[in-house]
Every structure is written in structure tokens, then in C-alpha cells.
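Peer 1: kindly return the folded structure for what I paste below:
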Amino acid sequence: MDIITTVIDRDDVRFKESYDYHQTLSQELSWRYQQIKKGGGESAIEKHRLRGKLLARERIDRILDVGSPFLELMPLAAYAVYAEELPAAGVVVGIGKVHGSDCMFIATDATVRGGSFYPLTIKKILRAQEIALQNALPCLYLLDSSSALPPLQAEVFADRDHFGRILYNQIQLQQQQLTQLAVVFGACMGEFSYIPKLCDVNLMVRNNGVISLSTPSQVKAKTGEEVSSEELGGSHLHTHLSGIAGLDASSEEESFRQLRNIVEGAQLKKSSVDVDKLVAAGAVVEPLYDIDEIYGILPCKTSEQGEQYDVREVIARLVDGSCFQEYKPDYGNTLVCGWATLFTFPLGIVANNGILFAESARKGQEFIKLCERRGFPLLFLQNTVGMAIGVKYEEAGMLKESAGLLLEVARATIPKITLIIGGSFGACNYLMCGRAFAPHFLWMWPNARVSMMDGEEAALVLATIKQSALSAKGEPLMSEEEILELQRPLLEKYEEEGRAYYSSARLWDDGIIRIEDGRKVLALSLAIMANKNKR
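Peer 2: This is a model prediction of the structure:
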């Protein structure tokens, strides 16, 4: 393959300004993640520990193989969405190895609102199960949750993607013969009691774990019977009488040992591809250029009107040896397509490099078909700055060719990863395999922006429509000051709703990642997808 030759000058003033700007964004992201890992706060954590309990991430750490990386998914879920804080939407999900097998972890966090299920808690679990189904992953449920909040029942109970869908997905996982195991560390009542029951095996921690269809207060209200939680659904009842639980553990530490034993006994197929082992074996060739240089390559402004750059400079800092075999480099060059390896994994790359023209979309169609034929996974590097519009471009077949690209993205059966490295505006979000087109993983960088259109364009359209309406009525046109005042609320709305944190909080992606972590996160994603075919 050809080596991409960089033309970046680290001493350039613009490079230094951009570098500082994006490094600040990365530092802010790191700080936010640290805050989220504090869960429900010091007071809630103290009460939790007094019950002899570990935190959700600590439980996962105890179960993982020593040294196994943990790819946490959607950690910013519910960020600044609800009136009350709900770190990580009250549930920690991610992928790590247990006895050498990739497993999906779904761990409720009782320090966050008692582990109550909010709408975004459910949406996050559904997405985790979807990833498990796509990648043939066993699921480990670490349960410590009170229940859904009754005031939110209309948002969590009866619709297709409400709580019942979690149970439906569990049955689909069963149908695919994917192992599901549960450990009950605390309350698991009402509809939630079906989660451990639908698992192959579930364990309970003695004196803390409770599984029951009702709560003691419900029993008293309906029957007058007074019972404790332990009498109603404790580990002794379910291991000795009902048979719902397979084992009870004297402590959380004992439950981790038992769970790992069950995973070992299930003889799950080992993940044949391990990113860390590839590195240790010296198989991975690093890019020729430092990945942190991407800080200086990306412009400070992310918009359809923002400064553009050659996306090959980004590719050169992501792929092995900065080697890239480009497909039709002199045709439709606002969409860069080509082959490379990343941590030794072969893949096809489709990357925005300016306004999308009909010939660019046509090239994208051809390239995706080739990757489908060869069985190469696709990596979409999304930085959409819109499509060519106007009579000239309509005549050239812009709609026809972009629809053709849409078709190829949708029907490609090969694994797909999308990384939003800049703007993601309008229909180009779909053309570049946005969330609606079901990529196996979708990641964002902190500078990414997602909206129906760029805020400046939306404000310009608003002013144009208003001026046209005034003109049609024969009324005076707005002054420049009046236009600015008209546009201000819309600009503020687009500024807020286009931010990466806004998107990630609503689970439009699988997580915001630091630029310097990009290669590792993409490699872990590729390894998980590659291992599916070897299970």
C-alpha cells in the first residue's frame, strides 16, 4: 500500500491554536468521565458500602480477566437530560473478557436513584442487548435495582421499546443460543424479577439479593400479610424452595468466583483475536505520525461553513504504518475511499472530504460493493459538510446517486463502524451510516456536532423565509439588527442541541471518545466484530 505523506507543520500558528482547542475538549471529556464514575455521590456510596456492597464498576473489575480492557459503552447517557442527575443513566454497560471470551456486562447502579429505571436507562440496556445480538456476545447481568419510578410509568412500561423489550431481547438472545447469566446483589422486584429468571443461571448474594413479583408493601396492601423482603424473595427461598436461583453466595466476592466458574464451565468459545496480545507480539505497526497531531489538524469550528482539511491527514494517524490504498483517488475526491489495516485488521474506509457530489456518491456505492464482496468491515469517518445543491447538481443526478449510496450503506451485511470526527448534518448523516442505519458501533470525538443542519445555515434559511414573506406582503424588509435578533434564539438552540454531549446523553452514539484513544477503541470494536465469526 502507499504511505500517506503528511504536509502538516506543527509550528504553524493555526495548528497550535487548533491543538490547544481540541486538547481542552479532551481534558473536559476526561473530567466529565471522572465525575460520572462517582455514581450517585458520596452519601449514596457510603450507604451502599454499609450494606456490604461494591460499586457497579468494581463488580465488573472483579469479574473480568486480569488485565482485560473494558470497553465501556454510552457512559454519558442521560447527561443533563433530567431535572435530577442520573450518571450513566444508572447502569454501566460494556464489553470485556471473562475466561478469554468477550462478554457484554449490564450492571445496574444502586447508588444512582436507588437503581431506578428511567426511560434512558431502558434505552441504554436495549442498545447493549442489540450489540450483544449483532456480535454474538454472552450477557452478564449484575442486578441491584429498586424498580421503575411509578410517576414515569407512561414512559417506561407499555410501548415497544419500553421495559418489556428488555425481556423480549433476552428471549431473542436465548434463541441465538447466547449464554445469559445474572447475579442479584440487591432488590429485583416486579417486572424486573423476570430478568434473572430468563437467564440460563442466576446467582443471589445472601441477605442482600431479593427476587419477587411484588414488594412487601404491595403484599400488605392487597392481602394484609406482613412479610419481609427476605421472606418474600430471599436467596434461601429461591435456592431451596422455588428453584429460581441456582446458587447463593455468602458475599459479593464469593459470587464473583462462582460466576467466573460458571462461565468457565459453559466452555464459551474463546475470543481468538486479542488486541493486547497483538501488541505484545509486536504484530501491530504504529502510524508514522503521532495521533495527537489530529488536535491541530481539526479546525476549531465544526460547521458546514467551517474550515476544511484533507481527511487523509486523519487517516494517516489512525491506520497501521500510515499505509492506505486509495480507491479512484482522482474521481469524486470529496469522498475518500480506500483500504488499510488497523491493529492488523483489514478494513475499508469511507471518509468525507468536502461537499458530496454525484460522482462522490457513485464512487462510494462502488467501493461499498467491493468491500461487501471481499468481506472487509467498513469504517465511516463522518464529517459531512452537505451535498451539492441547485439545478445544475439535480440535473447531474445528485438525488439519484445519493439515494444509491443510501441503498448500499443499508444493505451491506459486512460489519460497520462509524466515527463522527466533525459535523454530521442533514441527510449526509444517513449516507455516512448514522445511527438510523445500524452501524455495529458508532463513536464520536468531542468536537463532533449532530443536527438536521448547521445552525448558521438554519438561521440563514429562517431569515430568508421571513424576508421573502415580508416582500410578498409589500412590507419593509428587516434591518440587519432585526435579522440578528430573529436568528439569535435559533442559533442558541442549534448550538446547544448540536453538541456531542447532547447527542451522547440521548444515546445517538455509543460514546464520546478522546482522539488519542481512537485507535485503541476502533481496534477493540474491530476485534469484537471479528471474533463473532469465530465463535
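
Peer 1: give me the neighbour count for G243.
Peer 2: Using other C-beta atoms under 10 Å as the criterion, G243 is surrounded by 9 other residues. From N, CA and C alone the C-beta is placed, and that goes for glycine too.

Peer 1: begin at 18 from now on, thanks
Peer 2: Sure, I'll start counting at 18 from here, so that last one is G260.

Peer 1: and it, how far from N152?
Peer 2: Look at G260 and N152: by C-beta to C-beta, to the nearest Å, they are 32 Å apart.

Peer 1: likewise for E242?
Peer 2: Plainly put, E242 is 46 Å away from N152 if you go by C-beta to C-beta.

Peer 1: the two: which has the busier surroundings?
Peer 2: Set side by side, E242 and N152 show unequal neighbour counts under other C-beta under 10 Å, the larger going to N152 at 22 against 10.

Peer 1: now do the strands in the stretch 418-552 of the chain.
Peer 2: For the stretch 418-552 of the chain, the strands identified by DSSP state E, counting those that start in this stretch occupy 433-437, 440-442, 458-461, 466-468, in order along the chain.

Peer 1: quick one: strands adjacent to the longest one?
Peer 2: On the basis of DSSP bridges, the sheet neighbours of strand 433-437 come out as strand 395-399 (parallel), strand 458-461 (parallel).

Peer 1: then that strand to CSV, C-alphas only?
Peer 2: The C-alpha atoms that make up strand 433-437 are tabulated as CSV, following Å, rounded to 0.1, in the frame of the first residue of the first chain:
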residue,chain,number,x,y,z
LYS,A,433,-19.8,-1.3,10.0
ILE,A,434,-18.3,1.2,12.4
THR,A,435,-19.0,5.0,12.3
LEU,A,436,-16.7,7.6,13.8
ILE,A,437,-18.0,11.1,13.7
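
Peer 1: could you find the closest non-adjacent residue to K33?
Peer 2: Using C-beta to C-beta, 6 or more residues apart in numbering and skipping the chain neighbours, the partner closest in space to K33 is G313 (6.8 Å).

Peer 1: how about the one you found, phi and psi?
Peer 2: Taking degrees, to the nearest 10, you get phi -90, psi -20 for the backbone angles of G313.

Peer 1: residues touching it, list them.
Peer 2: Shown here is G313, whose contacts under the criterion C-beta atoms under 8 Å, 6 or more residues apart in numbering are I25, R27, D29, R31, F32, K33, S35, Y36, H39.

Peer 1: again with A427
Peer 2: If a contact means C-beta under 8 Å, 6+ apart, then A427 has F454 as its contacts.

Peer 1: from I385, how far off is it?
Peer 2: A427 is 10 Å from I385, by C-beta to C-beta.

Peer 1: check G407 too.
Peer 2: G407 sits at a distance of 26 Å from I385 (criterion: C-beta to C-beta).

Peer 1: those two: who's more crowded?
Peer 2: In this comparison of G407 against I385, neighbours counted by other C-beta under 10 Å, the higher total goes to I385 at 25 against 9.

Peer 1: and the more buried one, that's in a helix?
Peer 2: Yes - looking at I385 with DSSP: H, G, I helix; E, B strand; the rest coil, it is inside a helix.

Peer 1: quick check: pLDDT value at it.
Peer 2: The per-residue pLDDT reported for I385 equals 98.

Peer 1: ok, now V108?
Peer 2: The pLDDT attached to V108 in the predicted structure is 97.

Peer 1: my guess is it contacts I123. True?
Peer 2: Yes - counting by C-beta atoms under 8 Å, V108 touches I123, with 6.6 Å between them.

Peer 1: overlap in contacts, these two.
Peer 2: Both V108 and I123 are in contact with I142, where contact means C-beta under 8 Å, 6+ apart.

Peer 1: can you put the contacts of G313 in TSV and add neighbour count, distance to F442 and secondary structure?
Peer 2: What follows is these, written out as TSV (neighbours: other C-beta atoms under 10 Å; distance: C-beta to C-beta, whole Å; DSSP: H, G, I helix; E, B strand; the rest coil):
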residue	neighbour count	distance to F442	secondary structure
I25	16	26	coil
R27	10	30	coil
D29	12	27	coil
R31	12	23	helix
F32	16	25	helix
K33	14	28	helix
S35	22	20	helix
Y36	19	25	helix
H39	23	20	helix
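
Peer 1: quick one: which two of those residues are the most distant?
Peer 2: In these, the most distant members under the criterion C-beta to C-beta are D29 and H39, with 14.7 Å between them.

Peer 1: what does the helix or strand hosting L157 rub up against?
Peer 2: L157 is part of strand 156-160, with elements assigned from DSSP states H and E. The contact list for strand 156-160 (C-beta under 8 Å, 6+ apart) reads 73, 76-77, 80, 115, 120-125, 145-146, 149, 187, 190, 195-203, 205, 209, 212-213, 216, 276, 280.

Peer 1: can you name the next helix or strand after it?
Peer 2: Scanning forward in sequence from strand 156-160 by DSSP H and E, the next helix or strand is helix 170-173.

Peer 1: picking up where we left off before, distance check, the residue nearest to K33 against T22.
Peer 2: Between G313 and T22 the computed distance is 17 Å (C-beta to C-beta).

Peer 1: just the strands from the stretch 18-167 of the chain, written as ranges.
Peer 2: Per DSSP E, counting those that start in this stretch, the stretch 18-167 of the chain has strands spanning 88-90, 108-115, 118-125, 156-160. These are given in chain order.

Peer 1: which one of the strands paired with strand 433-437 lies nearest to E269?
Peer 2: When those are compared for distance to E269 using C-beta to C-beta, the nearest one is strand 458-461, at 30.7 Å.

Peer 1: can you dump the C-alpha atoms of that closest one in PDB for me?
Peer 2: Written as PDB, here are the backbone C-alpha positions of strand 458-461 (Å, rounded to 0.1, in the frame of the first residue of the first chain):
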ATOM      1  CA  PHE A 458     -20.600   0.700  16.700                       C
ATOM      2  CA  LEU A 459     -20.900   4.500  16.500                       C
ATOM      3  CA  TRP A 460     -18.400   6.700  18.200                       C
ATOM      4  CA  MET A 461     -17.900  10.400  18.300                       C
END
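
Peer 1: so how far is that strand from its chain's centroid?
Peer 2: The offset between the C-alpha centroid of strand 458-461 and the centroid of the whole chain comes to 5 Å, using C-alpha atoms, centre = their mean, to the nearest Å.

Peer 1: what residues does that strand touch?
Peer 2: For strand 458-461, contacts defined as C-beta under 8 Å, 6+ apart pick out 148, 434-437, 450-452, 467, 517, 520-521, 525-530, 535, 538-539, 542.

Peer 1: let's see 6 Å
Peer 2: Strand 458-461 is contacted from outside by I434, T435, L436, I437, R452, A517, D526, D527, I529, I530, S542, using C-beta atoms under 6 Å, 6 or more residues apart in numbering.

Peer 1: can you pull the contacts of E269?
Peer 2: When contacts are counted by C-beta under 6 Å, 6+ apart, E269 touches L71, V222.

Peer 1: do the same with A517
Peer 2: With contacts defined as C-beta under 6 Å, 6+ apart, the neighbours of A517 are M461, P463, A465, I529.

Peer 1: residues near the nearest residue to the second one once chain neighbours are set aside, how many?
Peer 2: Read that as P463. Once flanking residues are discounted, P463 sits nearest to L42: 3.9 Å by C-beta to C-beta, 6+ apart. Using other C-beta under 10 Å as the criterion, L42 is surrounded by 20 other residues.

Peer 1: roughly how far apart are L42 and Q146?
Peer 2: Taking C-beta to C-beta as the criterion, L42 is separated from Q146 by 31 Å.

Peer 1: same deal with G131?
Peer 2: Where Q146 is concerned, G131 sits at a distance of 23 Å (C-beta to C-beta).

Peer 1: these two - which one has more neighbours?
Peer 2: Between G131 and Q146, counted using other C-beta under 10 Å, Q146 has the larger neighbour count: 24 against 19.

Peer 1: follow-up on the earlier one: pick the most deeply packed of the strands of the stretch 418-552 of the chain.
Peer 2: For the strands of the stretch 418-552 of the chain, the largest average neighbour count (mean count of other C-beta atoms under 10 Å) is found in strand 440-442, namely a mean of 28.

Peer 1: what does that strand contact?
Peer 2: Residues contacting strand 440-442 (C-beta under 6 Å, 6+ apart): T319, E321, Q399, N400, T401, R466, V467, M470, D471.
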